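A.B. asks: build me a model from this:
(chains A and B)
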Amino acid sequence: MPIGSAVELLSLWLRERIPSVAWDWFHEKMAAAQAGDGRSLALGFSMASRRVGKEDLRLSEADLKKADAARAGWDPSLWTIDQSARVLLVLSLWKGDVPSFVTPLDRLFAASDVGELVALYQGLPLYPEPSAHRWRAAEGVRTNMKAIFEAVALRNPYPADELDAGCWNQMVLKSLFIGSTLDQIVGLDRRANRELARMLWDYARERRAASRSISPELWRCVGPFLDDLGDDVIVELARRLKSDFLPERQGTALCLAANPHPRAQGLLVEDPLAREAIARGEWTWKGVAEGSSKGTS
Amino acid sequence: MRIIDPHIHMSARTTDDYEAMAAAGVVAVIEPAFWLGQPRTSVGTFQDYYSSLVGFERFRAAQFGIRHYCTIGLNSKEANNESLAQEVIDILPLYLGKEGVVAVGEIGFDDMTSTEEKFFHAQMALAEEFDLPVMIHTPHRNKKEGTSRSMDVCEEHSIPPSRIVIDHNNEETVREVLDRGYWAAFTIYPKTKMGNERMVEVVRKFGSNRIIVDSSADWGVSDPLAVPKTARLMLERGIPESDVHASCYANALAAYGQSGQIREEDWLRPAPIDQRTLFMGNSVLRGQDPRIDPSTTNDLIR
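C.D. replies: Numbers count the residues shown, from 1 in each chain, chains lettered A, B, ... in the order given. Okay, the predicted model is just below:
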């Protein structure tokens, strides 16, 4: 990964947005941290939000394209100025070997507040030696704090690129479990798998047994593997295809459309309106996610 | 009426408490670093505790629409284990610069030993270095003497009294604390500290200038609704609303606001990043008025 281009972009975006006195303060702390001064690292990192501010970066489309070119899938569209400074500070610690990078990084993680943890986890896709950070990413998935979980799971290409199937599946399931969204998980469809589909279907049945609502997004990772899950799932989908709650109807139809299984296709044949809306691109998973976060099922 | 409880140990409280506090109008709390009812034995447990004050507890409070701030310090009870205390002092700089850390505290005297005094001074120096206000815990035993000596220690440093809150006052200590220019906080804590009928009379006598009401609710028999109950009792007993507002909200904001780390905008108009992350489910954002239950005799804390 060309760490240099991420460093260049972050530096540029910061210098465009913060007063020179704040940049000078930050740059001095960064230089001292690079030279091994642990206290400057801790202070530069934690006081960044006071010194450089925590406004949104508000990047242009052109800048977002540059980010994606620097690191495929990197999406800083919701990054703030202090988060950018903190990640830049971390990147500046890279000296070409894993231990000299991970040791101070671990120390930062150990003493971080919520906002700092969000920044550190958002930075995962930019850190050199991606495979060295898998345990850390899994720790982020295990968190009890939604903001931190989402920093790993949403708009972040690291999990799809690096996490093993077990950890990936936990992340997707947990996302539904804590009321987050699947649509902003990078690589969701690429990493769909049979085991995940089974876990999601089990979860749906558990929710059904407890008379709790089921997120219509759940069916997205189930669709391609319907044939493994028995008749019960087809019966369930047939019922939900008639739901009064539009996102649920849409999610069910999109799930069926993703599978060539004759029974799935048969259900869609009986619902030409749904089939046409999907064919015309009007019903999408993005729409399901947005619709279900607004309404209640 | 909006309420701030500027001294409450939420880590020891339940989600029922958070719900009840939010319903009673509490919009923000300050959780001072304290002990856990028994002494810790290693620096690692202090570090995890400080991390929870700036991490999980902040998140937990936000789920109920309450903004959580904290003060960071080595408390006097645990200052007497000298070698451990020094290790703790050494990690404090990792936390004093964090967002939402509004003071060094609670520090001060417990038994009034020389070791306590040594670390009291050390932490006053940290407050100077980090440009933070200070929250002083005054001792339960030998309180009057301990309160005077605490102010003496403070005055050996450059931090002005206007940046220092002297907590756990009573009728015997308040006069000197106010005369010397400090903020005077009162803890409404059943049985051992102040009852709230006494608090009403303190405000009647001294007014609300530099007077702060808090609960110090923790793992002991204490009341997380002490501040809203006291505010209501004051109103019922004829204290002007402006004095109630000052002593149960505005003074704490002014005193700890000197850190630059607590602002009314935080709960009235949170920054976009806070709305996305920390402040989901906030009743203030949804425009709901805090619900205040009808007054009952349960408002009395004695």
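
A.B. asks: let me see the domain layout of chain A.
C.D. replies: A:1-164, A:192-297 (automatic domain parsing).

A.B. asks: contacts for the helix or strand hosting residue B:48, please.
C.D. replies: Following DSSP states H and E, one finds residue B:48 within helix B:43-54. Helix B:43-54 is contacted from outside by A:110-114, B:11, B:31, B:33, B:36, B:40, B:70, B:72, B:74, B:84, B:87-88, B:91, B:94-95, B:98-101, using CB atoms under 8 Å, 6 or more residues apart in numbering or on different chains. For every residue, glycine as well, the C-beta is placed using N, CA and C.

A.B. asks: do stretch A:18-25 as well
C.D. replies: For stretch A:18-25, the surrounding residues in contact (CB under 8 Å, 6+ apart) are A:14, A:15, A:26, A:51, A:52, A:53, A:81.

A.B. asks: among the residues you listed, name the ones in helices.
C.D. replies: Per DSSP state H, helices hold the following members of these: A:14, A:15, A:26, A:51, A:52, A:81.

A.B. asks: just the buried ones out of these, please.
C.D. replies: A:14, A:26, A:51, A:52, A:81 (16 or more other CB atoms under 10 Å in any protein chain shown).

A.B. asks: select, from those residues, the two members most distant in space.
C.D. replies: A:14 and A:51 (11.2 Å; CB to CB).

A.B. asks: who touches both of these two?
C.D. replies: In contact with both residue A:14 and residue A:51: residue A:26, using CB under 8 Å, 6+ apart.

A.B. asks: list, one by one, the residues from chain A near chain B.
C.D. replies: Within chain A, the positions adjacent to chain B are A:39, A:42-43, A:46-47, A:49-50, A:54-56, A:78, A:80, A:83, A:110-118, A:144-147, A:150 by CB under 8 Å from any CB of the partner chain.

A.B. asks: got a quick ChimeraX command for the buried subset of the residues you listed?
C.D. replies: To isolate the buried ones among those in ChimeraX, judged by 16+ other CB under 10 Å, type:
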select /A:42,43,46,47,49,50,54,56,78,80,83,111,112,113,114,115,116,117,118,145,146,147,150
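
A.B. asks: mind checking which of the residues of chain A next to chain B are in helices?
C.D. replies: Reading helices off the residues of chain A next to chain B with DSSP H, I get A:39, A:42-43, A:46, A:49-50, A:83, A:110, A:114-118, A:146-147, A:150.

A.B. asks: ok, residue 130 - how many residues close by?
C.D. replies: Picked chain A for this. 16 (other CB atoms under 10 Å in any protein chain shown).

A.B. asks: wrong one, chain B
C.D. replies: By other CB under 10 Å, the burial measure for residue B:130, its neighbour count, is 19.

A.B. asks: same check on residue B:209?
C.D. replies: 12.

A.B. asks: spit out the contact partners of it.
C.D. replies: Residue B:209 touches B:178, B:246, counting by CB under 8 Å, 6+ apart.

A.B. asks: do the same with the one 5 residues further on
C.D. replies: Residue B:214 makes contact with B:5, B:6, B:7, B:8, B:167, B:185, B:186, B:187, B:188, B:226, B:227, B:252 under the criterion CB under 8 Å, 6+ apart.

A.B. asks: 6 Å instead?
C.D. replies: B:5, B:6, B:7, B:185, B:187 (CB atoms under 6 Å, 6 or more residues apart in numbering or on different chains).

A.B. asks: now the helix holding residue B:48: buried residues?
C.D. replies: B:43, B:46, B:47, B:49, B:50, B:51, B:52, B:53, B:54.

A.B. asks: ok, now stretch B:28-46?
C.D. replies: So, applying 16+ other CB under 10 Å, buried residues of stretch B:28-46: B:28, B:29, B:30, B:31, B:32, B:33, B:34, B:35, B:40, B:43, B:46.

A.B. asks: just the residues you listed: which are in helices?
C.D. replies: Per DSSP H, the buried residues of stretch B:28-46 map to helices at B:43, B:46.

A.B. asks: packing partners of the lengthiest helix in chain B?
C.D. replies: Longest among the helix segments of chain B by residue count, using DSSP H, is helix B:114-130. Other helices and strands packing on helix B:114-130, by 3 or more CB pairs under 6 Å, 6 or more residues apart in numbering or on different chains; DSSP states H and E, are helix B:82-91, strand B:101-108.

A.B. asks: can I get those in TSV with mean neighbour count?
C.D. replies: Listed next are the helices and strands packed on helix B:114-130 as TSV, based on neighbours: other CB atoms under 10 Å in any protein chain shown:
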stretch	mean neighbour count
helix B:82-91	16
strand B:101-108	29
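
A.B. asks: so which of those comes closest to chain A?
C.D. replies: helix B:82-91 (7.7 Å; CB to the nearest CB).

A.B. asks: still on that earlier bit, CA atoms only for the helix holding residue B:48 - export them in CSV, please.
C.D. replies: Provided in CSV are the C-alpha atoms of helix B:43-54 (Å, rounded to 0.1, in the frame of the first residue of the first chain):
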residue,chain,number,x,y,z
VAL,B,43,-1.4,0.9,38.1
GLY,B,44,-3.1,-1.1,35.4
THR,B,45,-6.4,-1.0,37.2
PHE,B,46,-6.1,2.8,37.4
GLN,B,47,-5.4,3.0,33.7
ASP,B,48,-8.4,0.8,32.8
TYR,B,49,-10.6,2.9,35.1
TYR,B,50,-9.5,6.2,33.5
SER,B,51,-10.0,4.7,30.1
SER,B,52,-13.5,3.7,31.1
LEU,B,53,-14.2,7.3,32.2
VAL,B,54,-13.3,8.7,28.8
